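> test case, fold it:
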Amino acid sequence: MTSRANALLLATILLVSFTTGTASRIFAISLPSIAAGLHTDMVGISWALMSFQLATASLSLIFGRVGDVYGRQTVYIWGIVLFTVSSLLCGLSGGIAQLIFYRVLQGVGAAMVQAQGRALAMDASTEESRGRAQGLMTTAHHSGFLLGPGLGGFIIQYLHWRGIFFFLVPMGAVAAALGLDYRRRQGSAAVSRPKAGRPAIDYLGAALLVAATLALMGILDRQVMESLTPAWRTGAVAAFAALAAGFFVRERCAESPILSLALFRIRMFAFSTVTLLLVSIVMSLTVYLLPFYLQEVLRLTPSFMGILFLSAPVFAVTLSPVGGALSDKVGPRIPATAGAALFAAASFLGVSFEPASHWMLPTLVLALGGLGTALFFPANHTALISSVPLEHRGVATGALYTMFGLGNVFGVTVGNFLMTVAFRMHSGNPDALPAAADAAHFVLALQDTFLVTTGFAFAAVACSVLRGGKRPGT
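Prediction:
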């Protein structure tokens, strides 16, 4: 670290990373209780979940650019404040419509802090400790994943579901106070560039990006598409294609684009971005499908299944700093590629699932994913962010979270598609949907799905190798 002030900044970033990780898991486990408390159904509460994800996925890249222009620390601190206030408002919601609206605000705040956090962590680190800082951020975030379900269950059982939102408020307040203290210590040095030298924000490009992202997530959502007529489905796909094309055309000609397409000429940035998308697809698909296999085929209890799922975050929490330190020592390509290879090994193990497999086999799949997380994410994030010029680090961080969010959506969509096609092929019923009640055909479909997923993972390995040499830009 370069100074005591930078150590304070990194502590703030780690606290916020832990808070956002906790918030994601603590909300997920609370969905049934919140639905009952607000007298809504699964559709209503699902919108409270999706509204947050839509906001973060569509706005992370934009706020990354805003941070590059107006100062990352400014956007970061205001993001903490918005996240904290909206968490309080979520806890005070009187109905599902209010909760959905406040969750959108919470997602906006999360997008603001996510788009700046890893770039600020890099700014607060020496060149020799950048990977270690990214590893600590991964540890902090996955610590929230690890503790969130237990905390959520305790708060709901012994207090109230509203307490899961109130619990986030003091952590957010402390983080905001630490951030403001850092700004005070830095003084005028905290401002990234003079007001007169700021480029303009490409608002048209931002609007096109938000619209294209929302359209993409809509057409990838099976419930949304099934609710539309064939003509409307065609129109939705055409609308996404038009919006996406419009965004890229706009970014090519804009004087100050939201996403400079020239960044993709940087080999390390381009291949790190694609690798992240592929690994996110593999990880999301695995986490999405395994619970159905564990609970409905192997007949494991939900409580025991929850214990098995701890294997991934335990490895991620404990070993991510090691992965980051390794990246500092040998460069990002080797640990990131090794991490992607572990995801490939985990997917290949899924091909051997049987209706009567021992529970240790899927647990090994989860554990390998945790090890892959510890090696891949700190190194890949370091490569992706440090490969771009300083004035574009916010955009790089925003691109990181956008790719991760899209990868999560793609993972679920690809998993559903592959399972449906394979299940229909093996069952001989062209209209069948995957059902664990038909365990034999369900597991055969699962094997085929993991075989294709292994292909995605090996493509990620190849992209990671192609990213370049020991240091970004080499």
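> low-scoring stretches of the stretch 1-150 of the chain, by residue?
1-3, 5, 28-29, 42-43 (pLDDT under 70).
> which residue ranges of it form helices?
4-28, 31-37, 42-70, 72-91, 96-123, 130-158 (DSSP state H, counting those that start in this stretch).
> and those, which is most packed in?
helix 96-123 (a mean of 24; mean count of other CB atoms under 10 Å). For every residue, glycine as well, the C-beta is placed using N, CA and C.
> gap between that one and the chain center?
Mean C-alpha position of helix 96-123 versus that of the full chain (CA atoms, centre = their mean, to the nearest Å) differs by 12 Å.
> tell me the angle it makes with helix 42-70.
40 degrees (axes from the mean of the first three to the mean of the last three CA atoms, to 10 degrees).
> counting by contacts, list what helix 96-123 packs against.
helix 4-28, helix 42-70, helix 72-91, helix 130-158, helix 360-386, helix 393-427 (3 or more CB pairs under 8 Å, 6 or more residues apart in numbering; DSSP states H and E).
> centre of the chain to the fourth one, how far?
By that I understand helix 130-158. 14 Å.
> show me what that helix is packed against.
Using 3+ CB pairs under 8 Å, 6+ apart: helix 130-158 touches helix 4-28, helix 96-123, helix 163-166, helix 311-330, helix 360-386.
> circling back: closest one to residue 236 among the helices and strands packed on helix 96-123?
Across the helices and strands packed on helix 96-123, residue 236 has its closest neighbour in helix 393-427 (14.1 Å, CB to CB).
> so that closest one versus helix 72-91, what angle?
Angle of helix 393-427 versus helix 72-91, following the same axes, to 10 degrees, is 50 degrees.
> now helix 393-427 and helix 360-386, what's the angle there?
150 degrees.
> who are the packing partners of the helix or strand just after helix 393-427?
Counting by DSSP states H and E, the next helix or strand C-terminal to helix 393-427 is helix 439-465. Where contact means 3+ CB pairs under 8 Å, 6+ apart, helix 439-465 is packed against helix 267-292, helix 333-350, helix 393-427.
> which stretch among those helices comes nearest residue 251?
helix 393-427 (11.1 Å).
> who are the packing partners of that closest one?
Going by 3+ CB pairs under 8 Å, 6+ apart, helix 393-427 lies up against helix 42-70, helix 72-91, helix 96-123, helix 203-220, helix 267-292, helix 360-386, helix 439-465.
> now the ones you listed in CSV, with distance to residue 423?
Converted to CSV, these look like this (distance: least, CB to CB, whole Å):
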stretch, distance to residue 423
helix 42-70, 23
helix 72-91, 38
helix 96-123, 33
helix 203-220, 20
helix 267-292, 12
helix 360-386, 19
helix 439-465, 4
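> hmm, back to that, how about the helices of the stretch 1-150 of the chain in TSV, adding distance to residue 263?
What follows is the helices of the stretch 1-150 of the chain, written out as TSV (distance: least, CB to CB, whole Å):
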stretch	distance to residue 263
helix 4-28	23
helix 31-37	38
helix 42-70	11
helix 72-91	17
helix 96-123	14
helix 130-158	18
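> for residue 408, which of those is the nearest?
helix 42-70 (8.0 Å).
> next one: that closest one to chain centre, how far?
For helix 42-70, the distance to the chain centre is 11 Å (CA atoms, centre = their mean).
> that helix vs helix 4-28, what angle?
Using the same axes, to 10 degrees: helix 42-70 against helix 4-28 is 160 degrees.
> who does helix 42-70 touch, helix- and strand-wise?
Judged by 3+ CB pairs under 8 Å, 6+ apart, the packing partners of helix 42-70 are helix 4-28, helix 31-37, helix 72-91, helix 96-123, helix 203-220, helix 393-427.
> quick one: list the elements packing against the second one.
Spelled out, it's helix 31-37. Counting by 3+ CB pairs under 8 Å, 6+ apart, helix 31-37 packs on helix 42-70.
> so which of the helices and strands packed on helix 96-123 comes closest to residue 114?
Of all the helices and strands packed on helix 96-123, helix 393-427 comes closest under CB to CB, at 4.7 Å.
> which of the residues in that closest one are classified as buried?
393-416, 418-420, 422-424, 426-427 (16 or more other CB atoms under 10 Å).
> now do that helix, average pLDDT.
Averaged across helix 393-427, the pLDDT comes to 85.
> one more: stretch 297-317?
82.
> quick one: end-to-end distance for that stretch.
Length of stretch 297-317, first residue to last, CA to CA, to the nearest Å: 29 Å.
> any idea how far it is from the chain center?
20 Å.
> what comes up buried for it?
Neighbour-count burial for stretch 297-317 [16+ other CB under 10 Å]: 297-298, 300, 305-306, 308-313, 315-317.
> farthest-apart pair in those, please.
The most widely separated members of the buried residues of stretch 297-317 are 297 and 317, with 28.8 Å between them, by CB to CB.
> quick revisit: the helices and strands packed on helix 439-465: which one's closest to residue 133?
Using CB to CB, the nearest of the helices and strands packed on helix 439-465 to residue 133 is helix 393-427, at 12.9 Å.
> just want the angle from that closest one to helix 267-292.
Here the directions of helix 393-427 and helix 267-292 differ by 40 degrees (the same axes, to 10 degrees).
> output the contacting helices and strands for the helix or strand in which residue 232 is found.
If you go by DSSP H and E, residue 232 is part of helix 230-253. With contacts defined as 3+ CB pairs under 8 Å, 6+ apart, helix 230-253 has these neighbours: helix 203-220.
> tell me which other helices or strands the helix it packs on touches.
Using 3+ CB pairs under 8 Å, 6+ apart as the test, helix 203-220 ends up in contact with helix 42-70, helix 222-226, helix 230-253, helix 393-427.
> a markdown table for these, including distance to residue 122?
Below are those laid out as a markdown table (distance: least, CB to CB, whole Å):
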| stretch | distance to residue 122 |
| --- | --- |
| helix 42-70 | 13 |
| helix 222-226 | 37 |
| helix 230-253 | 24 |
| helix 393-427 | 7 |
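> of all those helices, which lies closest to residue 368?
Of those, nearest to residue 368 by CB to CB is helix 393-427, at 16.5 Å.
> and the closest one, how far from the chain's centre?
11 Å.
> also stretch 458-472?
Taking mean C-alpha positions (CA atoms, centre = their mean), stretch 458-472 and its chain are 21 Å apart.
> convert the C-alpha atoms of it to PDB, please.
Coordinates of each C-alpha in stretch 458-472 appear next as PDB, following Å, rounded to 0.1, in the frame of the first residue of the first chain:
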ATOM      1  CA  PHE A 458     -12.300 -25.300 -22.500                       C
ATOM      2  CA  ALA A 459     -13.000 -22.300 -24.800                       C
ATOM      3  CA  ALA A 460     -12.400 -20.100 -21.700                       C
ATOM      4  CA  VAL A 461      -9.100 -21.900 -21.100                       C
ATOM      5  CA  ALA A 462      -8.100 -21.200 -24.700                       C
ATOM      6  CA  CYS A 463      -9.100 -17.500 -24.400                       C
ATOM      7  CA  SER A 464      -7.200 -17.200 -21.200                       C
ATOM      8  CA  VAL A 465      -4.000 -18.600 -22.800                       C
ATOM      9  CA  LEU A 466      -4.400 -16.200 -25.700                       C
ATOM     10  CA  ARG A 467      -4.700 -13.100 -23.500                       C
ATOM     11  CA  GLY A 468      -1.000 -12.400 -23.600                       C
ATOM     12  CA  GLY A 469       2.200 -12.700 -21.500                       C
ATOM     13  CA  LYS A 470       3.200 -12.200 -18.000                       C
ATOM     14  CA  ARG A 471       2.100  -8.600 -17.600                       C
ATOM     15  CA  PRO A 472      -0.800  -6.700 -19.200                       C
END
